[in-house]
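Peer 1: Provide a 3D model corresponding to the input given below.
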Amino acid sequence: MKLLEKHFPDLRKIDGITNLSGKAYINHPGLLFLAQGKIHSKTTRMLDISNVEKGDFYFECTIVTMDGRTFNGHGNGNSGNIKGVAKNRAFEMAEVRAQNRALREMLALGDTTAEEIDEGAALHGDIDAQTRTPSEWTDLERKRFAAAISEQGMSMDIVKYMCQVMSRSAGTPPHPRMMTEAERVRVLGFIKGLTDQNKTDWVRDFQTDVRGAS
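Peer 2: Numbering: from 1, shown residues only. Next comes the predicted model:
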């Protein structure tokens with residue numbers, strides 16, 4: 001089982017997952033969660049090639065594990081590769097990206113992290129404000145959507161709950177009727193990508209959070 005699939009429920013509970021364009025990405029807090037107990041030291045420094053006046057920063061991060069292995073990662077941040085609410089935080093973004101890449105190397109995790117994505121998401125779930133117009137949520141659209149999620153073994157109530165949970169960290173609409181057609185397609189794609197265990201975890205969380213089941 002892949003590392004993210006194995007720990008996805010726990011990562012979601014600590015906001016260690018950021019949803020971007022309908023796809024889940026691990027973020028910096030999520031990496032730190034997976035790295036617990038494995039790091040002896042972590043050092044981050046700004047490199048001389050940085051241009052402070054132009055706001056172009058380069059960082060290097062070196063991690064030494066408890067068993068003596070060393071891993072390095074480099075990160076760059078400037079107004080050209082950071083968008084949205086994080087674009088004025090290039091210094092911090094460069095540092096976080098360097099740490100993320102070193103942590104990914106240490107964890108043998110090939111998945112790109114949210115902070116590395118060239119979207120406005122960079123800082124723990126922040127995303128670009130986009131002009132969006134929800135498509136009409138007709139009865140036919142609702143029935144088609146319900147049929148599609150039913151084919152994946154999920155109910156509308158569970159998916160509504162999923163949308164509400166993901167909206168807290170990703171800023172996405174909390175209900176399918178508030179989404180554009182493209183956003184609904186992304187939700188369906190996300191559901192299709194879930195493992196049976198992932199789906200079971202979502203159902204369990206729904207029963208606990210919404211229905212108060214023990």
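
Peer 1: any idea which helix or strand carries the closest residue to residue 206 other than its chain neighbours?
Peer 2: Counting by CB to CB, 6 or more residues apart in numbering, residue 206 lies nearest to residue 161, which is 4.6 Å off, once chain neighbours are set aside. From N, CA and C alone the C-beta is placed, and that goes for glycine too. Taking DSSP states H and E as the criterion, the element that holds residue 161 is helix 156-170.

Peer 1: Against which helices or strands is the helix or strand following that helix packed?
Peer 2: Using DSSP H and E, the next helix or strand after helix 156-170 towards the C-terminus is helix 181-192. Applying 3 or more CB pairs under 8 Å, 6 or more residues apart in numbering; DSSP states H and E, one finds that helix 181-192 contacts strand 23-26, helix 139-151, helix 156-170.

Peer 1: list the buried ones in the shortest one?
Peer 2: In terms of neighbour count (16 or more other CB atoms under 10 Å), strand 23-26 has its buried residues at 24-26.

Peer 1: returning to that earlier point: got the helices and strands packed on helix 181-192 as TSV, with mean pLDDT columns?
Peer 2: Output for the helices and strands packed on helix 181-192, formatted as TSV (pLDDT from 0 to 100):
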stretch	mean pLDDT
strand 23-26	78
helix 139-151	85
helix 156-170	81
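
Peer 1: any idea which of those is most buried?
Peer 2: Of all the helices and strands packed on helix 181-192, strand 23-26 carries the top mean neighbour count, a mean of 21, counting by mean count of other CB atoms under 10 Å.

Peer 1: List the pairing partners of that strand within its sheet, with orientation.
Peer 2: If you go by DSSP bridges, strand 23-26 pairs up with strand 17-20 (antiparallel).

Peer 1: any idea how far the strand it pairs with is from the chain center?
Peer 2: With CA atoms, centre = their mean, to the nearest Å as the basis, strand 17-20 stands 2 Å off its chain's centre.

Peer 1: Kindly state the beta-bridge partners for the closest residue in space to residue 44 that isn't next to it in sequence.
Peer 2: Spatially, and ignoring its direct neighbours in sequence, residue 44 is nearest to residue 61 (4.5 Å; CB to CB, 6+ apart). Legend: beta-bridge partners of residue 61 under DSSP bridges are residue 44, residue 73.

Peer 1: count of residues packed around residue 61?
Peer 2: 23 (other CB atoms under 10 Å).

Peer 1: so who does it touch?
Peer 2: The contact partners of residue 61, by CB atoms under 8 Å, 6 or more residues apart in numbering, come to 42-44, 72-75, 95, 98-99, 101-102.

Peer 1: now the residues you listed as TSV including pLDDT, distance to residue 143 and neighbour count?
Peer 2: What follows is those, written out as TSV (pLDDT from 0 to 100; distance: CB to CB, whole Å; neighbours: other CB atoms under 10 Å):
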residue	pLDDT	distance to residue 143	neighbour count
42	93	52	17
43	93	56	11
44	93	52	17
72	92	53	13
73	90	48	20
74	90	50	14
75	87	47	23
95	91	49	22
98	92	49	26
99	94	47	25
101	92	45	23
102	93	49	26
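
Peer 1: Serialize the residues you listed to a markdown table and add fields for distance to residue 197.
Peer 2: Below are these laid out as a markdown table (distance: CB to CB, whole Å):
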| residue | distance to residue 197 |
| --- | --- |
| 42 | 31 |
| 43 | 37 |
| 44 | 35 |
| 72 | 34 |
| 73 | 30 |
| 74 | 35 |
| 75 | 33 |
| 95 | 35 |
| 98 | 33 |
| 99 | 29 |
| 101 | 28 |
| 102 | 29 |
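
Peer 1: Cheers, nothing more for now.
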